[in-house]
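1. Turn this into a structure:
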Amino acid sequence: QVTDKALPTVGPVEAGKGPKVTIPKSDPPGDLRAEVLIEGTGPVTTKNDTVLVKYKGINWRDGKEFDTTWDDSSLAPFPLNTTDGMKGFFQSLQGKKIGSRVLLVIPPEDGYGKDGNPQAGIKGTDTTVFVVDILGTSPK
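-> Here you go, the predicted structure:
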């Protein structure tokens, strides 16, 4: 469970919806945060892994979910050595054990950058929040 009161709280997983995430009324932290909520028992991920995850993305500013993989049975693959796009997302999942649930709070410069992600309603100044379950790695 999250111990830092300045970070969002994460509740239990709701069937087909993923974990409930509550954004605090305060301003987001200015730095990248990665809190392990549940530590897995599998091997530790490296920058050379492609992880298979379930995730939910929320905009800190309005608390709105903008992306999720919890509503289907597939796992999303992410190569952790990429430098395109959400570098904070990829960096934060390195060095975590398979089976872990991780809360990521990603400031704009480590996330979507100054252009944001207009189709997801994310401005260039928005901090994004992800809850990620690391469920495995792709074969090399």
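
2. and Thr137, how far is that from Tyr55?
-> 15 Å (CB to CB, to the nearest Å). Using the backbone N, CA and C atoms, a C-beta is placed for each residue, glycine as well.

3. okay, these two: which has more neighbours?
-> When Thr137 and Tyr55 are compared on other CB atoms under 10 Å, the one with more neighbours turns out to be Tyr55, at 21 against 18.

4. The more buried one: what's it in contact with?
-> Gly18, Asp67, Thr68, Thr69, Trp70, Ala76, Phe130, Val131, Val132, Asp133 (CB atoms under 8 Å, 6 or more residues apart in numbering).

5. so what's it bridging to?
-> Val132 (DSSP bridges).

6. quick one: it from Thr125, how far?
-> Plainly put, Tyr55 is 22 Å away from Thr125 if you go by CB to CB.

7. what's the answer for Leu135, then?
-> Taking CB to CB, one finds Leu135 at 32 Å from Thr125.

8. Please pull out the lowest mean pLDDT helix or strand from the protein.
-> Lowest on mean pLDDT, DSSP states H and E among the helices and strands of the chain sits strand 9-14, with a mean of 85.

9. which other helices and strands contact the next helix or strand after that strand?
-> The element immediately downstream of strand 9-14 (helix or strand, assigned by DSSP states H and E) is strand 18-22. Applying 3 or more CB pairs under 8 Å, 6 or more residues apart in numbering; DSSP states H and E, one finds that strand 18-22 makes contact with strand 9-14, strand 50-59, strand 128-137.
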